[in-house]
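Colleague: Next one to model:
(2 chains)
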Amino acid sequence: MRLAALFSGGKDSTLALLKTMEKEEVVCLISIVSKNKESYMFHTPNIGITRLQAKAIGLPLVQKLTEGAKEKELKDLKQAIRGAEERFNIEGVVTGAVESVYQAERIQKICHQLNLWCFNPLWKKDQQELLEEIISKGFKVIISGVFAYPLDKLWLGKKIDSELIGKLLALREEYGINPSGEGDEIETTVLDAPLFKKRVEILDFAIQCHGNSGVFQIRKARLTEK
Amino acid sequence: MILIVDMNYRKDSLGIYEFVLPIASIVKNFEEYTIKHYSELSQADIDKCTRVILSGNALRNKQSLTRTEDFTWIRKCEKPFLGICSGMQTIGIVFGSSLKRCLEIGMQRIITVKENPLFSSSFEAYELHSYSIQPSKELDVLAESESCVQAVKHKKKDMYGVLFHPEVRNREIVERFAVLPT
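Modeller: This is a model prediction of the structure:
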């Protein structure tokens, strides 16, 4: 089955992509670049480097800019998927949805309207297991956004490893933080993964943080040999 | 041993993550389980299990609904049995019901219309289906949404079908099924 993967460059969409590539043929990636920082669907701090990540993976990227208004961004997503269908003859779409019925419902409806299959290979996956899987599979992932108390600028740019997972699990106990960021507490950026032929090297970055809301913005990056 | 029947488009498909493993993650707390694709089930698999769950599958997957010859064993099954989404549609077909076009994607309100051990009253549930069933005389209707039949039970067996996905929201329904007396 020829599939397109919705790709934000974060851990979930990258792990979903990896699982899909093990079972079906992925022919392109789709990224939605939202101007709206409050977007319900597509807010990701380093969406700008998805082009570099796509190059590292070796798949073409269909990119679509959206203003990010609540329902208009869905029309833009539909248009991007339709564009992928026309260019790459896809039969379906893969998402990295884990818990969000809001996201899953909307993408399922778009796929239904376009007569496409829709798959969510991380659906209902336990968040601790998800984090442990990305480590065991050799992903290099950094935290590129924090949006909840008590997370702060000290978390930004940190690599997700066993120690950091332990800290996130402790925050779940104390503050109810979703360790994998399912409540939009954290955003992540993947710098390397088994499906990457090259890894992303950060050359310049900026941290912008106010209290418990901040981003690790990659300003300049390049691909290097693994 | 709970038998989870994988209703996806082929064995070990991409759909297993979404429609089968979430069920397994619930029942593993109660009993050992095994997963078999519907196309490779043997009588021995059915004989050695304590109860059976038929999974759902992707919205575009209509294959299992046309392979009625793969499901004739359900007629003879006397073990506790739960069909989820396409699993309920399959129970319906096996017992002479017809499919009824009913597209629902997302959260819907479910109204219980007959007392049963799995759920009660009114609740919100996650839906992903193109068809419900027009139940035959062998099935009782347990629940409905505004649009269609949402749950059925065989009149003489511990055999249940739910059109919504309890493994997504309402996990307790699967938990209650997992402890029904065998």
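Colleague: Partner strands of the top strand by length along chain B and their direction?
Modeller: Ranked by residue count, the top strand of chain B under DSSP state E comes out as strand B:98-112. Neighbouring strands of strand B:98-112 in its sheet, by DSSP bridges, are strand B:122-134 (antiparallel), strand B:139-144 (antiparallel).
Colleague: Using TSV, lay out those together with distance to residue B:89 and mean pLDDT.
Modeller: All C-beta spots, glycine's among them, are computed from the backbone N, C-alpha and C. Shown next, in TSV, are the strands paired with strand B:98-112 (distance: least, Cβ to Cβ, whole Å; pLDDT from 0 to 100):
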stretch	distance to residue B:89	mean pLDDT
strand B:122-134	6	97
strand B:139-144	12	98
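Colleague: Adding mean neighbour count and distance to residue A:165, write the ones you listed out as a markdown table.
Modeller: Putting these into a markdown table (neighbours: other Cβ atoms under 10 Å in any protein chain shown; distance: least, Cβ to Cβ, whole Å) gives the following:
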| stretch | mean neighbour count | distance to residue A:165 |
| --- | --- | --- |
| strand B:122-134 | 20 | 28 |
| strand B:139-144 | 19 | 40 |
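Colleague: Compare the ones you listed and give me the one nearest residue A:5.
Modeller: strand B:122-134 (19.8 Å; Cβ to Cβ).
Colleague: Farthest from the middle of chain B: give me that residue.
Modeller: The outermost residue of chain B relative to its centre, with distances by Cα atoms, centre = their mean, is residue B:44 at 21.0 Å.
Colleague: That should have said chain A, apologies.
Modeller: Residue farthest from the centre of chain A, counting by Cα atoms, centre = their mean, is residue A:174 at 26.3 Å.
Colleague: Pull out the buried residues from the longest helix along chain A.
Modeller: Assignment by DSSP state H gives helix A:72-88 as the longest helix of chain A. Neighbour-count burial for helix A:72-88 flags A:73, A:74, A:76, A:77, A:78, A:80, A:81, A:83, A:84, A:85, A:88 (criterion: 16 or more other Cβ atoms under 10 Å in any protein chain shown).
Colleague: quick one, helices of the chain?
Modeller: You didn't say which chain, so I picked chain A. A:11-21, A:50-57, A:72-88, A:101-113, A:127-136, A:162-175.
Colleague: hm, I was asking about chain B
Modeller: Using DSSP H, the helices of chain B run over residues B:16-19, B:21-27, B:43-48, B:63-66, B:73-76, B:86-94, B:171-178.
Colleague: Output these as TSV; include the columns mean pLDDT and distance to residue A:152.
Modeller: Converted to TSV, those look like this (pLDDT from 0 to 100; distance: least, Cβ to Cβ, whole Å):
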stretch	mean pLDDT	distance to residue A:152
helix B:16-19	98	34
helix B:21-27	98	33
helix B:43-48	95	53
helix B:63-66	87	50
helix B:73-76	96	56
helix B:86-94	97	47
helix B:171-178	98	34
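Colleague: and chain A, which residues reach chain B?
Modeller: Counting by Cβ under 8 Å from any Cβ of the partner chain, the residues of chain A close to chain B are A:1, A:19-20, A:23-24, A:92, A:94, A:101, A:105, A:108-109, A:111-112, A:115-126.
Colleague: buried subset of those residues?
Modeller: With neighbours counted by 16+ other Cβ under 10 Å, the residues of chain A next to chain B contain buried members at A:1, A:19-20, A:23-24, A:92, A:94, A:105, A:108-109, A:111-112, A:116-125.
Colleague: Export stretch A:76-90 to PDB, keeping only CA atoms.
Modeller: Output in PDB follows, covering the C-alpha atoms of stretch A:76-90 (Å, rounded to 0.1, in the frame of the first residue of the first chain):
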ATOM      1  CA  ASP A  76      -5.300  23.200   4.200                       C
ATOM      2  CA  LEU A  77      -4.500  19.700   5.400                       C
ATOM      3  CA  LYS A  78      -7.000  18.200   3.100                       C
ATOM      4  CA  GLN A  79      -5.500  20.200   0.200                       C
ATOM      5  CA  ALA A  80      -2.000  19.000   1.100                       C
ATOM      6  CA  ILE A  81      -3.200  15.300   1.200                       C
ATOM      7  CA  ARG A  82      -5.000  15.800  -2.100                       C
ATOM      8  CA  GLY A  83      -1.700  17.200  -3.500                       C
ATOM      9  CA  ALA A  84       0.200  14.100  -2.300                       C
ATOM     10  CA  GLU A  85      -2.500  11.900  -3.800                       C
ATOM     11  CA  GLU A  86      -2.100  13.600  -7.200                       C
ATOM     12  CA  ARG A  87       1.700  13.700  -7.100                       C
ATOM     13  CA  PHE A  88       2.500  10.300  -5.500                       C
ATOM     14  CA  ASN A  89      -0.700   8.300  -6.100                       C
ATOM     15  CA  ILE A  90      -1.100   7.500  -2.400                       C
END
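Colleague: and that stretch, what's its mean pLDDT?
Modeller: Throughout stretch A:76-90, pLDDT has a mean value of 96.
Colleague: hmm, back to that, report the angle between the longest strand of chain B and helix B:86-94.
Modeller: Counting by axes from the mean of the first three to the mean of the last three Cα atoms, to 10 degrees, strand B:98-112 points 130 degrees away from the direction of helix B:86-94.
Colleague: what bridges to residue A:189?
Modeller: On the basis of DSSP bridges, residue A:189 is bridged to residue A:142.
Colleague: how far away is residue B:20 from residue B:13?
Modeller: Residue B:20 is 9 Å from residue B:13, where distance means Cβ to Cβ, to the nearest Å.
Colleague: Next: residue A:225.
Modeller: Using Cβ to Cβ, one obtains 35 Å as the distance from residue A:225 to residue B:13.
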